[in-house]
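Trainee: Next come a sequence and a model predicted from it.
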Amino acid sequence: MSAMAATARILRYTAFTLMALFGLLGGLFAAGYAFEDLSTWVAVGSTLAVAVPTIVLSVLAFRLPDATAPWFVALTGLVAVGTLLDAGFQLVDRDAVGPVVAIGVFALAVSLAVLGLHRSALAGVLLLLLGAAQLGGVVLGFSGELAEGGGPSLGAVLTTSSGVVVVPLLVVGLLFVVAGALTHDSLRVRHLPPTAHPAH
């Protein structure tokens with residue numbers, strides 16, 4: 001194994017480990033928030049509503065990385081657009097149901113980190129896109145206060161329930177992108193089968 005391949009492998013597994021730890025801590029925090037503020041059955045339902053899709057997407061990403069890559073691209077686009085629309089038009093009442101959009105971003109990010117074990121460059125770009133959309137959504141949510149010269153600082157924004165996922169997404173995404181660049185990993189969504197050469 002070349003030095004560049006070895007470095008890429010270290011970066012891939014470092015990125016995956018960071019997101020896995022963040023996913024575990026974030027999942028425990030979200031579950032604790034649900035059980036503290038909601039009735040038991042609603043809390044169980046909301047916890048499963050996050051855990052089950054995350055597990056299913058992660059298994060698919062691990063077992064079928066090439067086949068599911070187009071679905072992850074589409075899903076990332078939908079979640080990114082949804083994040084910005086929710087920030088601009090308040091589609092979800094966060095005071096009533098919590099930071100649903102941020103939790104959706106978080107769940108997708110965990111499965112993208114699993115995809116990154118096989119498709120580093122693509123997963124990294126999608127994580128960076130997701131992180132940028134989440135950052136844009138958080139800033140957009142405070143746009144009224146910022147326009148008036150008030151509002152929290154960027155550091156304070158990144159510690160809100162919606163902003164806390166931004167830095168891990170960007171850091172892990174960047175690690176995957178660098179790992180992919182070191183091994184010339186393809187950004188192609190679909191891997192085409194090799195072209196058959198006619199017999200002479």
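Mentor: All right, it came through fine. Given the structure is predicted, the values throughout are model-derived calculations rather than measurements.

Trainee: For the rest of this, base every contact and every neighbour count on C-alpha atoms.
Mentor: OK.

Trainee: what sits against the most centrally placed residue in the chain?
Mentor: Per CA atoms, centre = their mean, the C-alpha nearest to the average position across the chain is that of Ala109, at 2.1 Å. Residues in contact with Ala109 (CA atoms under 8 Å, 6 or more residues apart in numbering) are 19, 127, 130, 169.

Trainee: next one: Thr14
Mentor: With CA under 8 Å, 6+ apart, Thr14 has no contacts at all.

Trainee: Longest helix in the chain, by number of residues?
Mentor: helix 3-37 (DSSP state H).

Trainee: mind checking the SS state of the residue nearest to the centre of the chain?
Mentor: Under DSSP: H, G, I helix; E, B strand; the rest coil, Ala109 falls in the helix class.

Trainee: again, but for Val42
Mentor: helix.

Trainee: tell me the pLDDT at the residue nearest to the centre of the chain?
Mentor: Ala109 carries a pLDDT value of 95.

Trainee: still on that earlier bit, out of the contacts of Ala109, name the ones that lie in helices.
Mentor: 19, 127, 130, 169.

Trainee: Dump the residues you listed to TSV, plus pLDDT, neighbour count and distance to Ser2.
Mentor: Below are these laid out as TSV (pLDDT from 0 to 100; neighbours: other CA atoms under 10 Å; distance: CA to CA, whole Å):
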residue	pLDDT	neighbour count	distance to Ser2
Met19	96	25	26
Leu127	98	30	27
Leu130	96	28	32
Leu169	95	29	28
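
Trainee: got the contacts of Ala109 as a markdown table, with distance to Gly116 columns?
Mentor: Below are these laid out as a markdown table (distance: CA to CA, whole Å):
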| residue | distance to Gly116 |
| --- | --- |
| Met19 | 11 |
| Leu127 | 10 |
| Leu130 | 14 |
| Leu169 | 12 |
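
Trainee: where are the low-confidence patches of the chain?
Mentor: 1, 94-99, 144-151, 154, 191-200 (pLDDT under 70).

Trainee: Okay, helices next: where are they in it?
Mentor: Counting by DSSP H, the helices of the chain are 3-37, 40-63, 65-89, 94-97, 100-115, 120-141, 143-147, 154-157, 166-182.

Trainee: Of all the ones you listed, which one is nearest Arg188?
Mentor: Distance to Arg188, taken as CA to CA, is lowest for helix 120-141 among these, at 7.7 Å.
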